[in-house]
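Undergrad: Show me how the following folds:
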Amino acid sequence: MQNIEDISKNLLSQIADSDTPREILKVSELRQLYGVIKTLPAEERADYGKRINELKLTLESAIKSKESDLENATVEYLDVTAPWDVNTQPLKLLPTEMGSQHPLTREIENVIDIFTRMGFEAIESRQIDDDHHMFGTLNFPENHPARDGYDTFRTEEGYISPAHTSTMQNRILQDGKAKLESGGQIGVVAIGRCFRNEDIDATHEHTFYQYEGIFVNETATLGQMLGTLRSFFETYYNQSLKIRTQPSYFPFVEPGLEFAIEKPAEVGKDLLAGEEWLEMLGCGMIHPNVLTAAGIDPKKYRGFAWGGGIERLTMLKYGIEDIRYFESGKLQFLRKFV
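TA: Numbers count the residues shown, from 1 in each chain. This is a model prediction of the structure:
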């Protein structure tokens, strides 16, 4: 009997404090009490069972009363726009004057400024795309080994987090067809965030930014591309630079090249000590299959394209030794660019 009294007090207390009182009854000790009846002497069972039934009725009444109170209670809405509670002191927030652009944002704007002054249009690339634009329109055959170098993230629906800004090439070419047919040219630089399944270290990140350039007309040449890129890097690093290239394979260009510059003076002696040439991007003449996929006649038009990393530019410019700093949110790092 004492056990029933203790359980009664405990359950009534829980019901009074709960916002879902009926759930308490489902997991309470009441069922255990009913199970005890068959273990008692015959002369005690009736009285014990009566006490348990009374307890059940008491709990049901308490639950209905609590549910009624909850239903009739005045709802207090939370003002999510309030910066702090009325009874607390204002937060010691940093003044907006102390804010500054992230170094990547600053350099993206710088890159856009240089290329737009050259006559290129600047657009933002996508952060979610499909296999067709990631590989199909870029001359990647199905199950081709070249796809392995662009290991990225996929959704269950089959969408892809782009591993390069080249996913924009087909769209840029299709949008520019009318200009070509009217005697004009396509000149676009696409900048955006890319994603790859990388083992993260000082020089590799799963999230990074790229800048992608495309130029197409009837007379585009490899020499024009090299001159365009050399002019860009000389403007960006504010000095004359020697350049060199070496053959490389990219499915969407032919010939494909790796483009390198001599180590800029402002990089300093400590960073990349002993390095004389720095590879900056991949480039080449747009493959005829890529032009054809966009509905452009490769026998009449030709063009060149390139793609490079914004972090690479920025790390060399400011002597940053670890790419992970950009995504870290460390104030000690960010204050250097205030």
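
Undergrad: what about residue 62, neighbour count?
TA: Look at residue 62: counted by other Cβ atoms under 10 Å, it has 20 neighbours. All C-beta atoms are positioned from the backbone trio N, CA, C, and that covers glycine.

Undergrad: my bad, residue 277
TA: 13.

Undergrad: For it, give the beta-bridge partners.
TA: Per DSSP bridges, the residues bridged to residue 277 are residue 262.

Undergrad: Show the contacting residues for it.
TA: Residues in contact with residue 277 (Cβ atoms under 8 Å, 6 or more residues apart in numbering) are 244, 260, 261, 262, 263.

Undergrad: can I get those residues in CSV with pLDDT, neighbour count and distance to residue 45?
TA: Below are the contacts of residue 277 laid out as CSV (pLDDT from 0 to 100; neighbours: other Cβ atoms under 10 Å; distance: Cβ to Cβ, whole Å):
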residue, pLDDT, neighbour count, distance to residue 45
244, 95, 13, 99
260, 95, 17, 93
261, 94, 21, 95
262, 91, 16, 98
263, 87, 21, 94
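
Undergrad: Now flag whichever of those is closest to residue 289.
TA: When those are compared for distance to residue 289 (Cβ to Cβ), residue 260 wins out at 26.9 Å.

Undergrad: Could you look up the SS state of the closest one?
TA: Classification of residue 260 by DSSP: H, G, I helix; E, B strand; the rest coil places it in strand.

Undergrad: ok, now which ones touch it?
TA: Contacts for residue 260 (Cβ under 8 Å, 6+ apart) come out as 243, 244, 245, 246, 277, 278, 279, 280.

Undergrad: ok, back up a step: now for the contacts of residue 277: which two are most distant?
TA: Largest pairwise distance in the contacts of residue 277, by Cβ to Cβ, is 12.1 Å, between 244 and 263.

Undergrad: Could you name the helices and strands sitting against the host helix or strand of residue 234?
TA: Here residue 234 sits within helix 222-237, counting by DSSP states H and E. Judged by 3 or more Cβ pairs under 8 Å, 6 or more residues apart in numbering; DSSP states H and E, helix 222-237 is in contact with helix 103-117, strand 207-217, strand 243-247, strand 253-262, strand 277-286, strand 302-309, helix 310-318.

Undergrad: Any chance of the ones you listed in a markdown table with distance to residue 230 as columns?
TA: Shown next, in a markdown table, are the helices and strands packed on helix 222-237 (distance: least, Cβ to Cβ, whole Å):
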| stretch | distance to residue 230 |
| --- | --- |
| helix 103-117 | 12 |
| strand 207-217 | 13 |
| strand 243-247 | 5 |
| strand 253-262 | 8 |
| strand 277-286 | 11 |
| strand 302-309 | 12 |
| helix 310-318 | 15 |
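
Undergrad: Nearest to residue 196 among those would be which one?
TA: With Cβ to Cβ as the criterion, residue 196 lies closest to strand 207-217 of the helices and strands packed on helix 222-237, at 7.9 Å.

Undergrad: Okay, now the sheet partners of that closest one, with direction.
TA: When DSSP bridges is applied, strand 207-217 pairs with strand 186-195 (antiparallel), strand 302-309 (antiparallel).

Undergrad: Mind jotting down where the strands sit in the stretch 1-150 of the chain?
TA: 121-124 (DSSP state E, counting those that start in this stretch).

Undergrad: give me the low-pLDDT residue ranges for it?
TA: In the predicted model of the stretch 1-150 of the chain, residues 1-2, 26-28, 30-31, 73-80, 82-95, 98, 144, 146, 148-150 satisfy pLDDT under 70.

Undergrad: what ranges do the helices span in it?
TA: With DSSP state H, counting those that start in this stretch as the criterion, the stretch 1-150 of the chain has helices at 2-17, 21-26, 30-36, 42-72, 103-117, 131-134.

Undergrad: Can you lay out those as TSV showing distance to residue 156?
TA: As requested, those are exported to TSV (distance: least, Cβ to Cβ, whole Å):
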stretch	distance to residue 156
helix 2-17	41
helix 21-26	34
helix 30-36	42
helix 42-72	39
helix 103-117	30
helix 131-134	14
